[in-house]
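*Asks:* Task: produce atomic coordinates for the following.
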Amino acid sequence: MENTNKKVLIINTGGTIGMKRTEKGFSPAPGFLAEAIESISDMSREGFPEWELCELEPLLDSSNMSVREWNNIGSIIYENYEKYSGFVVLHGTDTMAYTASALSFILGGLDKPVILTGSQIPLSEIRSDGRDNLITSVIIASEGVVSEVCLYFSGKLLRGNRAMKMSSDGLVAFDSPNYPHLADVGIEIRYNRAAFMPSEKKSGSGIALYPFLEIPIGVLKVFPGIQFGLFAEIMTEKLSGIVLETFGAGNIPNNGGELLPIIKSAFDSGSVVTVCSQCPAGTVTLGAYETSSALKSAGAVSGRDMTTEAAVAKLYHLFSLGMPKEEIKLKMEECLAGELTEN
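*Replies:* Numbers count the residues shown, from 1 in each chain. Prediction:
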């Protein structure tokens, strides 16, 4: 469907980009972002896409984001889908990759851009990186070249559920180590169409909303000397989904013998354990080494080259659809929204 209306909806969820300096540090302030945008002359000049601003209430530091906010953002996009040619979600950087991953599953059948962006320095400050991030995101959202959930930051357009925050204080804060950029922005916006979502991964039946339920999900990071027995009490029916961050291609320490019966017990109780790697780049291959083959035998599934953020969002999605655990295990190793590379 060709978009004739080039108006973009900017959804402000909070985060550094719209924060105001206070005695206690930078903090979200209702209405302050609109004032900051008014000072950006490019956003009101002739030829710039039309845009409207919507603010969530309350505005949040992104560390306070939850399933409720993810569903709320998805609902706003779904309810306003026909009115705009694209959407820009302003968000704090700390959990932006989690929200981008969540929205890629909450919103089905997208044929318009949804671009998450933010900044490391508030718009109200002199050296803010937010001006370019905001201006470029609105332009990309209006052009409609890419039609999936993306994250734009510092000249890189990334697939949302492949993105990771790579730096807490650098202006080049995000990358997607296991997937090419969807666009690189310099003097021109150079789209990498070969990296766009294949049409067969889209429903083709129009926009659909798949809200998340408040499913108990846990993440456990393996470290040298870890005492797995300490986690036995929570890795049961108390957790529906568990993301296990292992070494390398899916390896655990030799004392992982403690872990295997815990995984089997968790699976028997209805939990799904997904193995991801602590390495930013590369893939999990259960069975490539002796220390990982036991995980597979115990019932764990491979997250392949998914980020932890994507694995968490995908577990929320599949459990919220009411699938049985055996089907969820199969789906976790399938590419549903561009979140992993299939063999």
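*Asks:* Stretch 90-102: end-to-end distance?
*Replies:* Across its full length, stretch 90-102 reaches 15 Å end to end, with Cα to Cα, to the nearest Å as the criterion.
*Asks:* what is the mean pLDDT for that stretch?
*Replies:* Stretch 90-102 comes out with an average pLDDT of 98.
*Asks:* distance between it and the chain's centre?
*Replies:* Remark: stretch 90-102 is offset 6 Å from the chain centroid, using Cα atoms, centre = their mean, to the nearest Å.
*Asks:* What of stretch 313-331?
*Replies:* Counting by Cα atoms, centre = their mean, stretch 313-331 comes out at 17 Å from the chain centroid.
*Asks:* same question, stretch 48-64
*Replies:* Taking Cα atoms, centre = their mean, one finds stretch 48-64 lying 17 Å from the centre of the chain it belongs to.
*Asks:* Give me the buried positions along it.
*Replies:* Across stretch 48-64, burial judged by 16 or more other Cβ atoms under 10 Å covers 48, 49, 51, 53, 55, 56, 59, 60, 61, 62. (Each C-beta comes from the backbone N, C-alpha and C, glycine too.)
*Asks:* Reformat the residues you listed as TSV; add pLDDT and distance to residue 154.
*Replies:* Shown next, in TSV, are the buried residues of stretch 48-64 (pLDDT from 0 to 100; distance: Cβ to Cβ, whole Å):
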residue	pLDDT	distance to residue 154
48	96	21
49	97	21
51	97	21
53	98	23
55	97	24
56	96	24
59	94	23
60	91	23
61	89	21
62	94	17
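*Asks:* which stretches of the stretch 151-300 of the chain form helices?
*Replies:* With helices called from DSSP state H, counting those that start in this stretch, the stretch 151-300 of the chain shows them at 259-268, 290-297.
*Asks:* can you tell which of the ones you listed is closest to residue 143?
*Replies:* Residue 143 sits nearest to helix 290-297 of all these, at 43.4 Å, using Cβ to Cβ.
*Asks:* how about the strands in the stretch 51-200 of the chain?
*Replies:* When secondary structure is read from DSSP state E, counting those that start in this stretch, the stretch 51-200 of the chain shows strands at 51-60, 86-90, 107-108, 114-117, 149-153, 156-159, 164-165, 174-175, 183-185, 189-191.
*Asks:* Go through these and name the closest to residue 76.
*Replies:* Of all the strands of the stretch 51-200 of the chain, the one in closest proximity to residue 76, counting by Cβ to Cβ, is strand 51-60 (6.5 Å).
*Asks:* got the angle for that closest one vs strand 86-90?
*Replies:* Here the directions of strand 51-60 and strand 86-90 differ by 30 degrees (axes from the mean of the first three to the mean of the last three Cα atoms, to 10 degrees).
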